[in-house]
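**Student:** Provide a 3D model corresponding to the input given below.
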Amino acid sequence: MLAAASVLATSCQEATETESVSQAENASQHPWDWIPEDPSLASGRESYLQECALCHNEGEEGAPSLTRKEQWEQRITKGENAVITNAIEGFIGEDGEMPARGDSELSDTEIGNSVRFMIEAALRTPPP
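**Tutor:** Here you go, the predicted model:
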């Protein structure tokens, strides 16, 4: 009887572990679901979710979408610092406009961390 209970408990544990893996895989279906280990990127993710996601999750009004890796690859050819400067100072491009600081009250550091998070998250996105 004890052996049967032990087998049952083990198989439940295995199912729970499998479910946890499946839930973790599903949680990372969107680039913004990625939780970086680097503290500055994790901070950037929080700022992104609060201030940047509205435009950048899906690419509203010409904003580069986190789901479109190629849009970020194109932008980083200018260099990461140029992309951060555009986010801080604002930028008018062919596809749309980035208001200075995204019309937020984020600090330069918070914006830099958010931009670095967006670049890293977008580049992790598999091609469509």
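
**Student:** and the helix or strand containing Ile119, what does it pack onto?
**Tutor:** Ile119 belongs to helix 108-123 when assigned by DSSP states H and E. Packing contacts for helix 108-123, counted by 3 or more CB pairs under 8 Å, 6 or more residues apart in numbering; DSSP states H and E, involve helix 39-47, helix 69-76, helix 80-89. Yep, even glycine has a C-beta here, placed from its N, CA and C like the rest.

**Student:** Going by mean pLDDT, which of those helices comes out lowest?
**Tutor:** Note on these: helix 69-76 shows the lowest mean pLDDT, a mean of 92.

**Student:** quick one: Ile88 from Arg101, how far?
**Tutor:** Using CB to CB, to the nearest Å, we find Ile88 at a distance of 6 Å from Arg101.

**Student:** which residues touch the residue nearest the centre of the chain?
**Tutor:** Nearest to the mean C-alpha position of the chain, by CA atoms, centre = their mean, lies Trp32 at 2.9 Å. Contact analysis of Trp32 by CB atoms under 8 Å, 6 or more residues apart in numbering lists 45, 48-49, 53, 57, 66, 121.

**Student:** Same list, those residues, but as TSV with neighbour count and distance to Ile84 please.
**Tutor:** Below are the contacts of Trp32 laid out as TSV (neighbours: other CB atoms under 10 Å; distance: CB to CB, whole Å):
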residue	neighbour count	distance to Ile84
Arg45	25	16
Tyr48	26	13
Leu49	14	18
Ala53	16	18
Asn57	17	20
Leu66	27	16
Ala121	24	15
